[in-house]
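1. 3D model of this:
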Amino acid sequence: MKLRKGDSVKVVSGKDKGKIEKIEKVYPKENKILVFGVNQYKRHLKGRAQNQKSEIITLTKPLPVAAVSLICPKCNKVTRIGFKMGADKSKEKTGKLRICRKCGKTI
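-> Purely as a prediction, here's the structure:
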């Protein structure tokens, strides 16, 4: 999966189209991500105990990776992700690096 926790993404389809938020959690087996404040649903909880009240809670459900697009932190544009093997110019990262397809910088 090309997206990681903390990446900034823009929702490109669905009821929250156009929203820009950060990824909270990644579910690689289901190919879904959890984005804060996006894809929220209301759920009614019935009071089980005598002192517990019934309430309506808001759930944030995971959405498919195909419904979002990454925003490059360097050029602030919606982009695809590419990979490059080797070392970064700052020599901090080595191995498989994620790169922006528009500006070519390391993500």
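2. List phi and psi for A67.
-> phi -90, psi 0 (degrees, to the nearest 10).
3. Next, find the distance separating it from G47.
-> 35 Å (CB to CB, to the nearest Å). Every C-beta, even on glycine, is put in place using the N, C-alpha and C of the backbone.
4. ok, those two, which is more surrounded?
-> Neighbours around A67 and G47, counted as other CB atoms under 10 Å, are more numerous at A67. The numbers are 18 against 10.
5. Export only the CA atoms of stretch 37-48, formatted as PDB.
-> The C-alpha trace of stretch 37-48 is given here as PDB (Å, rounded to 0.1, in the frame of the first residue of the first chain):
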ATOM      1  CA  GLY A  37     -13.700  13.600  10.100                       C
ATOM      2  CA  VAL A  38     -14.500  11.800   6.900                       C
ATOM      3  CA  ASN A  39     -17.100   9.100   6.200                       C
ATOM      4  CA  GLN A  40     -18.900   9.600   9.500                       C
ATOM      5  CA  TYR A  41     -22.100   7.800  10.400                       C
ATOM      6  CA  LYS A  42     -24.600   8.100  13.300                       C
ATOM      7  CA  ARG A  43     -25.300   5.000  15.400                       C
ATOM      8  CA  HIS A  44     -28.100   4.700  18.000                       C
ATOM      9  CA  LEU A  45     -27.100   2.900  21.200                       C
ATOM     10  CA  LYS A  46     -29.800   1.600  23.400                       C
ATOM     11  CA  GLY A  47     -29.300   2.000  27.200                       C
ATOM     12  CA  ARG A  48     -28.700  -1.500  28.600                       C
END
